[in-house]
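quick check, what structure comes out for this input:
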Amino acid sequence: MILRIDGSAGVAEHMRRDAELLAEADARVAAGESWEAVLRLFRFDPPGITLGHAQHAERELDLERCARDGVGHAKRPTGGRAIFHAAEWTYSLTAAIADPEWGGGLAESYDRASHLVCASLVALGAPVALAAGETRERAGGAGAAAPCFASTARHEIVRDGRKVVGSAQRRTAHALLQQGSVLLSDGHLALVDYLAIPDASRAERRAALAAASADLGDVLGAGAPLERWAAALRAVLAQEGAGRGAEAGAGAGGGVGGRDGGPRRAPLRDSETRPYTGGRA
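Down below sits the predicted model:
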């Protein structure tokens with residue numbers, strides 16, 4: 001796996017970068033080339049809104065208000081619903097579907113990425129866990145769809161039952177892209193100000209979103225640097241790789257083994273931390 005700390009940019013630029021990575025991965029695998037999974041860490045500056053791939057800004061957002069306040073918006077390559085990105089850590093994972101560690105079926109690959117993110121946050125002292133059970137809606141009403149953080153699905157990450165990490169995935173013929181946001185403040189609640197809903201319903205929608213979601217600002221700090229998260233991710237990957245190697249060595253034949261008897265996880269490599277210039281470098 002390649003770990004890239006990609007810094008800050010606006011919503012349109014970050015969505016462009018992820019779309020480019022997914023397209024490159026799909027094309028390389030289709031051509032018979034190898035693709036090493038890329039885990040990209042980034043932040044949004046200035047804050048802005050992303051919509052799920054199937055959503056339409058004209059239906060979901062009050063575009064006049066967005067323009068007045070200078071709030072940008074962009075579609076994610078992945079699905080899901082609207083998010084206001086403010087103080088958060090954000091990740092994307094681009095992998096080949098055939099990758100034995102990060103690919104596989106939808107549920108399997110989603111679980112693997114969520115497990116890694118959850119374990120890294122726990123290592124930093126965050127009181128989080130993987131959610132269990134079916135999706136539950138806590139915010140609804142007429143007009144725009146409920147925000148991403150108004151509901152929690154199985155294998156998403158929660159704090160005291162409230163969603164703290166939202167993730168979504170898109171799959172092509174040969175590759176997948178999973179994107180996720182780790183909330184570090186309640187800045188995501190500002191989304192309600194820009195939804196295409198009656199003004200009279202905004203207070204109710206904001207309260208519902210606040211009740212359904214949580215953040216880790218009190219544990220990690222709203223401005224926690226990406227490098228701190230990267231260090232925790234490295235540690236989790238190194239620990240899991242060492243553990244699997246020891247298990248394999250203790251088995252008959254002493255070969256290398258990984259999750260469910262598959263190949264052992266390859267070492268994580270750091271990409272450059274210079275500003276993004278295209279490609280996966």
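
which phi and psi values does Gly7 adopt?
Dihedral pair for Gly7: phi 70, psi -150, per degrees, to the nearest 10.

how much space between it and Glu227?
Computed with C-beta to C-beta, to the nearest Å, the distance linking Gly7 and Glu227 is 11 Å. C-beta here means a position set from N, CA and C on the backbone, and glycine is covered the same way.

these two - which one has more neighbours?
Neighbours per residue (other C-beta atoms under 10 Å) separate Gly7 from Glu227, with Gly7 holding more: 15 against 10.

distance of the more buried one relative to Gly217?
For Gly7, the distance to Gly217 under the criterion C-beta to C-beta works out to 20 Å.

can you tell me the closest non-neighbouring residue to Ala37?
Distance criterion C-beta to C-beta, 6 or more residues apart in numbering; nearest residue to Ala37, sequence neighbours excluded, is Ala95 at 4.0 Å.

could you look up the SS state of the one you found?
Ala95 carries the three-state label strand when classified by DSSP: H, G, I helix; E, B strand; the rest coil.

what count of nearby residues applies to it?
Summarising burial for Ala95: neighbours were counted as other C-beta under 10 Å, giving 27.

so it is in contact with Leu39, correct?
No. With contact defined as C-beta atoms under 8 Å, Ala95 does not reach Leu39; the gap is 9.0 Å.

mind listing what the nearest residue to Leu184 once chain neighbours are set aside touches?
Take Leu184 and drop its neighbours on the chain: the residue closest to it by C-beta to C-beta, 6+ apart is Ala87, 4.5 Å away. Applying C-beta atoms under 8 Å, 6 or more residues apart in numbering, we find Ala87 in contact with Leu183, Leu184, Ser185, Gly187, Asp215, Gly217, Ala222, Gly223.

now restrict those residues to buried residues only.
The neighbour count (16 or more other C-beta atoms under 10 Å) marks Leu183, Leu184, Ser185, Gly187, Asp215, Gly217, Ala222 as buried among these.

need the contact list for the fourth one.
Right, the one you point to is Gly187. Here Gly187 is in contact with Pro47, Phe84, Ala86, Ala87, Glu88, Ala222 (C-beta under 8 Å, 6+ apart).

I appreciate the help and will end here.
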